[in-house]
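[1] Generate a structure from the sequence data that follows.
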Amino acid sequence: MGNSLGKNLIITSFGESHGTHVGIVLDGFPSNFAIDFTQIQHELDRRKPGQSNLSSERKEDDIPIFVSGIFEGKTTGAPICILIENKNQNSQDYSELKNLYRPSHADKVYDQKYINRDYRGGGRSSARITAPWVAAGALAKQFLLKYYQINIQSVVNRVKHIGIEDVFMLSDWSNAQTNTIKCPDSMLALKMIELIDSAKIAGDTVGGTIATRISNCPIGIGEPVFDKLNADLSKAMFSINATKGIEFGDGFGGTYKYGSERNDAPDKNTNNEGGIIAGISNGNNIEFTTAFKPVSSIKITQRMENQSNEIINHQIQGRHDPCVLPRAIPIVESLSAIVILDHIFSNLKKHTKMTKI
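    Next comes the predicted model:
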C-alpha cells in the first residue's frame, strides 16, 4: 500500500475504521516549535462525526495522543507519532458485508487485490483514517502561518446544483463559519442544507465542490517537471475519499475562452492560472476547486454483487454522511498545508534564494 506522502515533510498514515486506533507519523518537522494544542483539537473537532444533522451519527471525541517527537510542548525534530482512539465502532453493522460488495465502494477491488480485507466500516479505505491527517496538517498550518504568514481556507461553494457562480471573486469567506454547510453565501447555505436534509430523509446522498484559497504563498514553490506544485496538491486531494476531480483557477471553464480572453496579463486583475504557472507558485493566491461525489453508502435498497458473483438486492446498514463536504473541509486544508510546507522545505534545501527559517 502507498501510505506515505511527501519528500521532505513526510506523513505516514496507519489504522483502520474499526481498529483500536488510527494514527499518523509526521517526519521532517523542525525542532523547537511551540505547539498550540488547542488549535489542533479545534481542527479535529471540525472534521469529527456527529457535529450536526449533515454528518454521520457516529460519535468520536477525536482527542489526539502524541506518542513521540514532542517534549515540554515543543517539537524535538524526531518523528511525531499521533494516535486517535476509535471508541464508537459498531462492527456488527458490517458483518453482513463480509461477502458482499457495495456499489461504488472499495470492497471488491480491495478484496481482489489484498485478499484479506477488513470489511468493518471499510477498513483501510474508510474516511475515518483522515482524522490524524488533520492533526498533522494542523501542525503544518501553524508553522506556515507563524513563519510565512500563509493562510489556507476552504469553503463549500456548491452542493449538487446549488452553488456560487464564482466563489473566488468573494474576498471575504468569513460567513462560511456561521452555518453548518460552511458556505460563504448565507442564503445559498440555507438552500444547500434543505437539499441535504431532503436527501437524508429519502435515504440518499449528495455531492458537490470545495473551494480552497492559499494566500501569501511566496513565488517559486514547486519542482518541475514531475513534482509540480499543482501536481502534488492534486495527488493529495485525490487521496481523500470521494474525490473525483480538481481544477486550478478557472479550470475547465477556461477551455471555453480564447487565449486573448483568458491570459493573466499584467494590467488585468485576474487569476485564471490559480496562482500556479508551469507547476510553480507565482505569488498570487493559489485557488483550486475539489469535486466530491455523493457518499456511496445510501440507505436505499440497491443491486449488489457477492463473492459468488451473484446479484442480490440489499440495503446498507450503518452510519453515514448524507453529504461529505462540511467534514472534508479541514482534510483539504490540512493536506494542502502539508504539501505547501513540504515544497517550502524542498526550496530551502535546493535553492539559496529562498528565505531560511
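[2] Secondary structure class of the nearest residue to V67 once chain neighbours are set aside, three-state.
    Excluding the flanking residues, the one nearest V67 by CB to CB, 6 or more residues apart in numbering is C81, at 4.0 Å. Every residue, glycine included, has its C-beta placed from N, CA and C. Local secondary structure at C81 is given as strand here, using DSSP: H, G, I helix; E, B strand; the rest coil.
[3] Is it correct that C81 is in contact with F66?
    Yes: in this structure C81 lies within contact range of F66 using CB atoms under 8 Å: 7.4 Å.
[4] Looking at the two now, which is surrounded by more residues?
    C81 (19 against 15; other CB atoms under 10 Å).
[5] Could you report the pLDDT at the more buried one?
    On pLDDT, C81 comes in at 98.
[6] now swap in V25 and tell me
    Note for V25: predicted pLDDT of 98.
[7] That one belongs to a strand, doesn't it?
    Yes: the assignment for V25 by three-state DSSP puts it in a strand.
[8] count of neighbours near the nearest residue to it once chain neighbours are set aside?
    Nearest residue to V25 in three dimensions, chain neighbours excluded: T12, at 4.5 Å (CB to CB, 6+ apart). Using other CB under 10 Å, T12 has 16 neighbouring residues.
[9] residues in contact with T12?
    N3, S4, I24, V25, D27 (CB atoms under 8 Å, 6 or more residues apart in numbering).
[10] centre of the chain versus the top helix by length along the chain, how much separation?
    In the chain, ranked by residue count with DSSP state H as the criterion, the top helix is helix 325-350. For helix 325-350, the distance from its own C-alpha centre to the chain's C-alpha centre is 10 Å (CA atoms, centre = their mean, to the nearest Å).
[11] now stretch 253-267
    Offset of stretch 253-267 from its chain centre (CA atoms, centre = their mean): 29 Å.
[12] who touches that stretch?
    The list of residues contacting stretch 253-267 from outside it, by CB under 8 Å, 6+ apart, reads E247, D250, T270, N271, N272, E273, N284.
[13] which of these are buried?
    E247, D250, N271, N272, E273, N284 (16 or more other CB atoms under 10 Å).
[14] Would you map the helices across the stretch 101-250 of the chain?
    For the stretch 101-250 of the chain, the helices defined by DSSP state H, counting those that start in this stretch occupy 107-114, 131-148, 186-201, 229-238.
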